[in-house]
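here you go, sequence then predicted model.
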Amino acid sequence: MSMKYTTRQVDGVTILDLSGRITLGDGSVTLRDAVKDVLTKGSKSILLNLENVDYIDSSGLGELVSAFTTVKNQGGELKLLHLTTKVHDLLQITKLYTVFDIKDDEASAIGSFAA
Amino acid sequence: MAEGTTSRASLTLESTIASVNVVEEAALEYARAAGFSPDIASHLSMVAGEAAANAVIHGNKQDSAKRITATFEIAGPALKITIADQGAGLDPDTIPDPLAPENLLRSSGRGVFLMRAFMDEVNFRKLNPGTEITLVKRRT
C-alpha cells in the first residue's frame, strides 16, 4: 500500500494525515507533491500526522528532510505528530530526531506554531 | 522451519523500482519463514530494499540491459541476503557519515547506514563488473 493523505485546516495550521508507506517511488513522490501543494496554496505552517504511517525507508526519511528544508527555506515550519514506534526508532538512530520538532498531542502541536 | 534446515532461492530482476518491491516482499517472506519477529522481519525487508535500491539506482543506474540478483538463504538461525548489481562498483569507505552534523539535512545517503544498524553483518564485495552486498541477521 503506497502513501495516501487527507488535508485539514485547524487554526491556521495545515495538517496532513498520512497513511501507508513512505518509500522509494510513489510514497516519496506523493509526500513531496502534497507539501508542495500546501505551500502553493499559501500555508506555511504544516503538521505531518504520521500516526498511520507503518513503514518508511531511507528514501522516505530523505523526503521528510527535504520537506522540512523546503518549508523552512520559505519561512515556514514543518512539524511531525504521532510517530509510530518504528518511525520513532528510525528517526532516533539516524539522529533526525534532533532535526524535527516532534509532537505527541495535536492541540499542543497546533499551539506551538508561530502565529 | 526446523533448526539447521537450509533453504535457498535466487531471483534475477530488471533494474527497476518495481524490483526493489519484489526484493522487499521476498525478504519479508524469508524473514518470517526463518522465525524472526514481525518487527525484525520488517527491518530485514527494509534493509534488503535499501540494498536493492542501491543496486538498481546507483549500481545499474536503471539500465534496462543490466540485472540485479537477490539471493535469500536460511541456514539454522541465520538469514543471509545477497544483492548484486552489474554497475561500476561501489567503495563503501567513500560513503559520507549520515550522522555527521553537516550531513544530517541531506536527502539521501542513509541506506548503507540503516543496513549496518539493523544487520549483524554487512559485507561488500567487488564483482567484475558490479558490487555484491551480503546482509546477515541471526536469531538470538
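Good, I have the coordinates.

what's downstream of the biggest strand by length in chain A, the next helix or strand?
Counting residues, the longest strand in chain A under DSSP state E turns out to be strand A:45-56. Per DSSP states H and E, the first helix or strand lying C-terminal to strand A:45-56 is helix A:58-73.

buried residues in the worst-scoring helix or strand of chain B on mean pLDDT?
In chain B, no helix or strand scores lower on mean pLDDT, DSSP states H and E than strand B:6-14, which sits at a mean of 94. Of the residues in strand B:6-14, B:11, B:13, B:14 count as buried by neighbour count, 16 or more other CB atoms under 10 Å in any protein chain shown. In this view, the C-beta of every residue, glycine as well, is placed from N, C-alpha and C.

list the contacts for the first one?
By CB atoms under 8 Å, 6 or more residues apart in numbering or on different chains, residue B:11 lies in contact with B:22, B:23, B:26, B:69, B:70, B:71.

partners of it in the sheet?
residue B:70 (DSSP bridges).

can you tell me how far it is from residue B:30?
11 Å (CB to CB, to the nearest Å).

name the helices or strands packed onto the longest strand of chain A?
In this structure, strand A:45-56 packs against strand A:13-22, helix A:26-40, helix A:58-73, strand A:77-81, helix A:85-93, helix A:106-111, with contacts taken as 3 or more CB pairs under 8 Å, 6 or more residues apart in numbering or on different chains; DSSP states H and E.

parallel or antiparallel, which strands does it pair with?
strand A:13-22 (parallel), strand A:77-81 (parallel).

can I get the CA coordinates of the last one in PDB?
Taking Å, rounded to 0.1, in the frame of the first residue of the first chain, the C-alpha atoms of strand A:77-81 are listed here in PDB:
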ATOM      1  CA  GLU A  77       7.500  25.500   9.800                       C
ATOM      2  CA  LEU A  78       7.000  21.800   9.400                       C
ATOM      3  CA  LYS A  79       6.500  19.600  12.400                       C
ATOM      4  CA  LEU A  80       5.800  15.900  13.000                       C
ATOM      5  CA  LEU A  81       2.900  14.400  15.000                       C
END
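
avg pLDDT for that strand?
Mean pLDDT, strand A:77-81: 98.

what's the answer for stretch A:101-114, then?
For stretch A:101-114, the per-residue pLDDT averages 96.

buried stuff in that stretch?
Buried, per 16+ other CB under 10 Å, within stretch A:101-114: A:102, A:103, A:106, A:109, A:110, A:113.
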